[in-house]
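Novice: structure for this input, please:
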Amino acid sequence: MTELAIRKQFPGLDIVRFLAALSVVAFHLTFRISEPTGTALLAGAVGVPFPELAQATWAGWVGVEIFFVLSGIVIAFTAEQSSPSAFLRSRFLRLYPAAWISTALAAAALLAVGVDTSDLPTRVWRSLILFPVEPWIDGAFWTLPIEVSFYGLVFALLLIGRVKWLERLGYALIAASAIFWSMKFAHRMDESFANIPQSTWTRITLLEHGGYFGLGIILWRSAAGGITGPRIAFALVAIVVGFAEIVGVQGGVFFAPVGVWLVALAAMAASLFVPALQFRSLLARRLGLITYPLYLTHQTFGYLTIGTLIRMGANRFLALATAVTICFCVAIAIALIAEPRVKAFLASLFARLHRPLPVNVADLDHVPAVSRMDVTR
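Specialist: Predicted structure coming up:
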């Protein structure tokens, strides 16, 4: 095991993840809320303008791309120390308990407020199993099937005893995404970038976003095993692919989301390569713990709160502040109270059905927290 793997203290990664989640929250609650689509439409919060804030928050959607790079980093670390069964259980515990709790709370909130819930059963079951096709209980769930696809590839390597091929997997993901985006741009040179097609299948096959996971793998391997020529080359290709994906999503060349992503990438690299930034931080860990449930629930609870208060005649900024407060309270309650109990029950169930989980992987990477990658509950 490398010296870096032994330290396993990366508070900077937790902070980057938390800030990325904040950027997504700000994007949805101050910019995307004005569009009559998705969760905002379901929650009856469409048309609440925040032009004073939107100029600073419209690029916040790129926080999702930051999440994918972070996932590549953490999974590269996790897979190196896991058996196939331990990896599968730890990934299950990472995604599903918080998703189940978030789904239940969001469904209860939608029913309590009395919005149109005719398709609520469909939204609930698709969210509970992380089905790759919408609708979900909250629009944020669209990224989770992508994560599952990435986990599946890594699990396959572990299953065949080829965890050493993980770096090759990263290279393959970057190459596949590079080919995908090159073909899309080549075929649509004379059309708006907004017309570049995106679909469920290009997402769950990781053609659209695989480059981000591959870049995360390379960052970890470079920090743990040294910088090499192939790692530099593929990292540069991944950065270009990331730029292409961001441009493709946005429908044109805009420097704000690209800049945010590059700054976050630099911060992640610093967290891995600078020993002075690798230390124990309880605050960073706590921030990391609430990031996942905050991401899963902020649209439903944020839009419901803003829509309800605006209809009652409240000031829109007061409605926004209240919504953000409620979103954080819900996320904290899930991360620190409900989720640990569900995970403990499931872990004990797994132990009875099979064998006790190894101490170093039972709760490895508790949801999004990465500053203590070896912490168990």
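Novice: wait, what's in contact with residue 99?
Specialist: Residues near residue 99 by C-beta atoms under 8 Å, 6 or more residues apart in numbering: 127-128, 130, 141, 144, 296. C-beta here means a position set from N, CA and C on the backbone, and glycine is covered the same way.
Novice: list the buried ones in the strand or helix carrying it?
Specialist: Element membership for residue 99 (DSSP states H and E) is helix 84-113. Residues 84-91, 93-103, 105-107, 109-110 are the ones in helix 84-113 that count as buried (16 or more other C-beta atoms under 10 Å).
Novice: so which helix or strand of the chain has the lowest pLDDT on average?
Specialist: helix 3-7 (a mean of 51; mean pLDDT, DSSP states H and E).
Novice: nearest the geometric middle of this structure, what residue?
Specialist: Among the residues of the chain, the one closest to the centroid is residue 67, at 4.2 Å (C-alpha atoms, centre = their mean).
Novice: OK, contacts around it?
Specialist: Applying C-beta under 8 Å, 6+ apart, the residues contacting residue 67 are 17, 20, 143, 295, 368.
Novice: and which of the residues you listed is nearest to residue 155?
Specialist: residue 143 (18.5 Å; C-beta to C-beta).
Novice: okay but the closest one is in contact with residue 64, surely?
Specialist: Yes - at 5.8 Å, residue 143 counts as touching residue 64 under the criterion of C-beta atoms under 8 Å.
Novice: which helix or which strand is home to the residue lying farthest from the centre of the chain?
Specialist: The C-alpha centroid of the chain is most remote from residue 313, which lies 34.6 Å away (C-alpha atoms, centre = their mean). Following DSSP H and E, there is no helix or strand that holds residue 313.
Novice: residue boundaries of the helices in the stretch 201-350 of the chain?
Specialist: 210-225, 229-250, 255-273, 282-311, 316-333, 339-353 (DSSP state H, counting those that start in this stretch).
Novice: right, and those helices - which one's nearest residue 136?
Specialist: Among those, helix 282-311 sits nearest to residue 136 (C-beta to C-beta), with 9.7 Å.
Novice: and the closest one with helix 339-353, angle?
Specialist: For helix 282-311 against helix 339-353, the angle by axes from the mean of the first three to the mean of the last three C-alpha atoms, to 10 degrees is 120 degrees.
Novice: from the chain's centroid, how far away is helix 282-311?
Specialist: 14 Å (C-alpha atoms, centre = their mean, to the nearest Å).
Novice: give the other helices and strands that that helix contacts.
Specialist: Helices and strands touching helix 282-311, by 3 or more C-beta pairs under 8 Å, 6 or more residues apart in numbering; DSSP states H and E, are helix 11-30, helix 38-42, helix 84-113, helix 316-333.
Novice: possible to save the ones you listed as JSON lines with distance to residue 224?
Specialist: As requested, the helices and strands packed on helix 282-311 are arranged in JSON lines below (distance: least, C-beta to C-beta, whole Å):
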{"stretch": "helix 11-30", "distance to residue 224": "14"}
{"stretch": "helix 38-42", "distance to residue 224": "39"}
{"stretch": "helix 84-113", "distance to residue 224": "18"}
{"stretch": "helix 316-333", "distance to residue 224": "31"}
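Novice: compare the mean pLDDT across those helices and name the weakest.
Specialist: Among the helices and strands packed on helix 282-311, helix 38-42 carries the lowest mean pLDDT, a mean of 60.
Novice: after that one comes which helix or strand?
Specialist: Beyond helix 38-42 on the C-terminal side, the first helix or strand identified by DSSP H and E is helix 51-57.
Novice: report pLDDT for residue 217.
Specialist: 98.
Novice: neighbours of it, how many?
Specialist: 30 (other C-beta atoms under 10 Å).
Novice: mind listing what it touches?
Specialist: Counting by C-beta under 8 Å, 6+ apart, residue 217 touches 72-73, 75-76, 166-167, 169-170, 173.
Novice: just residue 213 next, same as before
Specialist: 68-69, 71-72, 75, 150, 170, 173, 206.
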